[in-house]
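[1] 3D model of this:
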Amino acid sequence: MPDIGFLAPYDFSPLTILSFALVLAGYGYALLHMAPEQRPGSVRIVTFVLGVLLCYGVMQTRFDYYSQYMFFVHRGQHLILHHLGPFLIALSNPLPVFRFWHERMGPSLRAGLRPLVRVYRILQQPVIAAVLFVGLIYFWLWPPIHFDAMLSRQLYWTMNWSMLLDGLLFWWLMFDPRSPVLTSALGYGKRILILAAVAIPQMVLGAWIVFSRGMVYDVYEVCGRAWPMAPETDQLLGGLLTWIPPAMMSILGILIILRRAMREDGRVVKPSQLAGENP
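    Numbering: from 1, shown residues only. Have a look, this model is predicted:
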C-alpha cells in the first residue's frame, strides 16, 4: 500500500488549499453548466487539472517538506511552480471556462476584479513580463535572500506564491490563444524572441551553481538535509535542474508557437486586406 500520509500537507496553509479548491470548483461548475459545444475537449480538461494538481502537490503535500531540506528538491518545486504547472494550465486555454464563471458572478464581484485587471495589463507588457520572469528566479536564488526565505515561514510562502503567479502570467502571455493578426495579442515572433531571451540567463545561473566551488547555499547545512546526500551532490543536482529543464521548456514553447503560426498562416485574413478588396 502506498503511504497516503505523503499526500497530507506538511505545512498546512488554509489560504493555499482554499485557493486551489476554488479554482477547481469554479472550473468544474462552469464545465457542468456550459453548453456541450462550448466545453473544451477532454485533452484540454486533463491538461488543466494536471497542471493545477502538480502545483498543489509541491505546495501542500510531503513534497514540500523535502523542498525545505534538500536544495535539488527545492529547485524541482520551483520548476513545477514557475514552469511546468503554469505551462500546462496556459496550454489548456481555460479562459473560455473561467469567462463563463465570471459572467455568472454578481456585478459587485466583477467590479472588484477591475483593479486586478489593470495590474494584469501592466505585468503583461513584454519587457516587464520577461524581466520579472527571470528576475524572480535570480532574486530568490540570491544567497542572502534564499537563506532568509528558507528560514522564514512568511517569506517562504511569499517566494512560492510569487513564483506560481508569475509563471501563470508569463506562460499565458506566451500561449495566448488569440490571433495576433486579428487582435492585440503579442505577435508570434515576439513570443519566440522572449522565450529565447529568458532561457539564456537561466542557463547562466544554473551553470554558475553547477560549477561553483564551495557551498553556495549553506542554509541546508544549517537546517540539515532530509537525506544523507553529499552537499556537493545536492548542489550539483539543483544547479542542473536550474540549468537544463527551463531551457528545454523554452524550446518546447517555441515549437508550440511555431506550430500555431504555421497553422494560422494563410487561414487568417487581415481586416485591412478585406477592406482593400474590390467587391
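
[2] buried ones in the longest helix along the chain?
    In terms of residue count, the longest helix belonging to the chain (DSSP state H) is helix 231-264. Buried residues in helix 231-264, counted by 16 or more other CB atoms under 10 Å: 234-243, 245-247, 249-250, 253-254, 256-257, 260. Quick note: C-beta positions are derived from backbone N, CA and C, even for glycine.

[3] what's it packed up against?
    If contacts are counted by 3 or more CB pairs under 8 Å, 6 or more residues apart in numbering; DSSP states H and E, helix 231-264 sits against helix 71-79, helix 85-91, helix 153-174, helix 188-211, helix 219-223.

[4] Put together a markdown table for those, with mean neighbour count and distance to Ile145 on each row.
    Below are the helices and strands packed on helix 231-264 laid out as a markdown table (neighbours: other CB atoms under 10 Å; distance: least, CB to CB, whole Å):
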| stretch | mean neighbour count | distance to Ile145 |
| --- | --- | --- |
| helix 71-79 | 23 | 14 |
| helix 85-91 | 24 | 22 |
| helix 153-174 | 19 | 8 |
| helix 188-211 | 17 | 14 |
| helix 219-223 | 15 | 11 |
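
[5] among the ones you listed, which is nearest Arg99?
    Shortest distance between Arg99 and these, using CB to CB, is found for helix 153-174: 13.6 Å.

[6] and the angle from that closest one to helix 188-211?
    140 degrees (axes from the mean of the first three to the mean of the last three CA atoms, to 10 degrees).

[7] Compute the inter-axis angle for helix 153-174 and helix 231-264.
    Using the same axes, to 10 degrees: helix 153-174 against helix 231-264 is 30 degrees.

[8] counting contacts, what elements does helix 153-174 pack onto?
    Packing partners of helix 153-174 (3+ CB pairs under 8 Å, 6+ apart): helix 42-59, helix 71-79, helix 85-91, helix 126-141, helix 143-151, helix 188-211, helix 231-264.

[9] what's it in contact with?
    11, 13, 16, 55, 59, 68, 77-78, 81-83, 85-87, 89-91, 120, 123-124, 126, 129-130, 132-133, 136-137, 140, 148-150, 186, 191, 194-195, 198, 253, 257 (CB atoms under 8 Å, 6 or more residues apart in numbering).

[10] backbone phi and psi for Leu182, please?
    The phi/psi pair for Leu182 (degrees, to the nearest 10) reads phi -100, psi -10.

[11] Distance check, it against Glu264.
    10 Å (CB to CB, to the nearest Å).

[12] any common contacting residues for those two?
    With contacts defined as CB under 8 Å, 6+ apart, no residue is shared by Leu182 and Glu264.

[13] what's the neighbour count on Leu123?
    Leu123 has 15 neighbours, counted by other CB atoms under 10 Å.

[14] Once you drop chain neighbours, what's closest to it?
    Leu169 (5.5 Å; CB to CB, 6 or more residues apart in numbering).

[15] for Leu237, same thing?
    The spatially closest residue to Leu237, leaving aside those adjacent along the chain, is Phe72, at 3.6 Å (CB to CB, 6+ apart).

[16] The one you found reaches Pro245, doesn't it?
    No - shown here, Phe72 and Pro245 do not form a contact pair, counting by CB atoms under 8 Å, at 11.8 Å.

[17] any idea how far Val117 lies from Met215?
    Applying CB to CB, the value for Val117 to Met215 is 44 Å.

[18] Neighbour count: the two, which is higher?
    Met215 (15 against 9).

[19] Show me the shaky parts of the stretch 51-200 of the chain.
    Scanning the stretch 51-200 of the chain for pLDDT under 70 picks out 102-113.
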